[in-house]
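Peer 1: got a predicted structure here, sequence first:
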Amino acid sequence: MKTAAYLTALVVLALPSFAFAQAQRLSGTIVSVDGPSLVLKTAKGEDVKVSLAEKGTILAVEKVTMDGIKQGEFIGVGAMPQADGSQRAVRINIFVESQRGSGEGHRPWGSDPKGTMTNATVDTTVSSADGQVLMLKYKDGEKKIIVPPEAVIQRNVPGSAADLKPGAAVSISAATPKPDGSYETARINVGRDGYVPQ
């Protein structure tokens, strides 16, 4: 019995580290494209190979203004809480319809311990002295969002392989390391018309 346990422990120890590797965030600029695979130049100057999984998704990301946010759309807002209980937006992401409901609710976000993320449906939009105001509703509540002029606002739209071209900026939220040092992902966000996804 002890021998079997010992052998099992040896097998576990012998497994390559990639078997336990966690998905990572990747971002950079496309250097080259070969079918479902592309090479990214990261901010650190490293070349990284990433393959899009079979049936993976390509989302094009466009920069928009406050006027581009419509009532009834499902959005994600990274923000900082204000003294009056509202949230001051840092970044707003307008999801494609197929992402409706993803991560719905209010939770911590980002490296700042006070940062919040609210994924919810736009109920109303109005103007105020502090900036534009969004009222968001989700399953268990609602949040008032102040949108200052400097907030980043971007929209996800269905993309295609045609969007993956050298020079385009890419952001990947979950890239899984492979044994050969490359990565695989189920979704690639690529900036359109020179935009850099946030």
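Peer 2: Looks like it came in fine. Numbers count the residues shown, from 1 in each chain.
Peer 1: can you list the low-confidence ranges for the protein?
Peer 2: For the chain, applying pLDDT under 70 flags the ranges 1-21, 128-131.
Peer 1: just to confirm, which helix or strand has the most centrally placed residue in the chain in it?
Peer 2: By C-alpha atoms, centre = their mean, the chain has its centre lying nearest to S173, at 4.9 Å. Applying DSSP states H and E as the criterion places S173 in strand 169-177.
Peer 1: strands paired with the next helix or strand after that strand, and their directions?
Peer 2: Downstream of strand 169-177, the next assigned helix or strand under DSSP H and E is strand 183-191. Paired strands of strand 183-191, with direction, are strand 47-63 (parallel), strand 169-177 (antiparallel) (DSSP bridges).
Peer 1: which residues of the chain fall in strands?
Peer 2: Using DSSP state E, the strands found in the chain span residues 24-34, 37-42, 47-63, 74-81, 87-94, 105-108, 116-128, 131-138, 141-147, 152-158, 169-177, 183-191.
Peer 1: find the nearest non-adjacent residue to G181, please.
Peer 2: Spatial nearest neighbour of G181, chain neighbours left out: K49 (7.7 Å); criterion: C-beta to C-beta, 6 or more residues apart in numbering. The C-beta positions use only the backbone N, C-alpha and C, and glycine is treated the same way.
Peer 1: what's the local residue count around the one you found?
Peer 2: K49 has 17 neighbours, counted by other C-beta atoms under 10 Å.
Peer 1: that one contacts T185, doesn't it?
Peer 2: No - the criterion here is C-beta atoms under 8 Å, and K49 misses it with T185 at 11.3 Å.
Peer 1: can you redo the strands paired with strand 183-191 as TSV with distance to A162?
Peer 2: Output for these, formatted as TSV (distance: least, C-beta to C-beta, whole Å):
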stretch	distance to A162
strand 47-63	9
strand 169-177	14
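Peer 1: point out the most buried one among the ones you listed.
Peer 2: Highest mean neighbour count of the strands paired with strand 183-191: strand 169-177, a mean of 19 (counted as mean count of other C-beta atoms under 10 Å).
Peer 1: what separates it from the chain centre, distance-wise?
Peer 2: 9 Å (C-alpha atoms, centre = their mean, to the nearest Å).
Peer 1: between strand 24-34 and it, find me the angle.
Peer 2: 110 degrees (axes from the mean of the first three to the mean of the last three C-alpha atoms, to 10 degrees).
Peer 1: for G105, which residues are in contact?
Peer 2: Contact analysis of G105 by C-beta atoms under 8 Å, 6 or more residues apart in numbering lists 118-120, 138-140.
Peer 1: any of those buried? List them.
Peer 2: 118-120, 138 (16 or more other C-beta atoms under 10 Å).
Peer 1: buried stuff in stretch 89-109?
Peer 2: So, applying 16+ other C-beta under 10 Å, buried residues of stretch 89-109: 89-96, 99, 106, 109.
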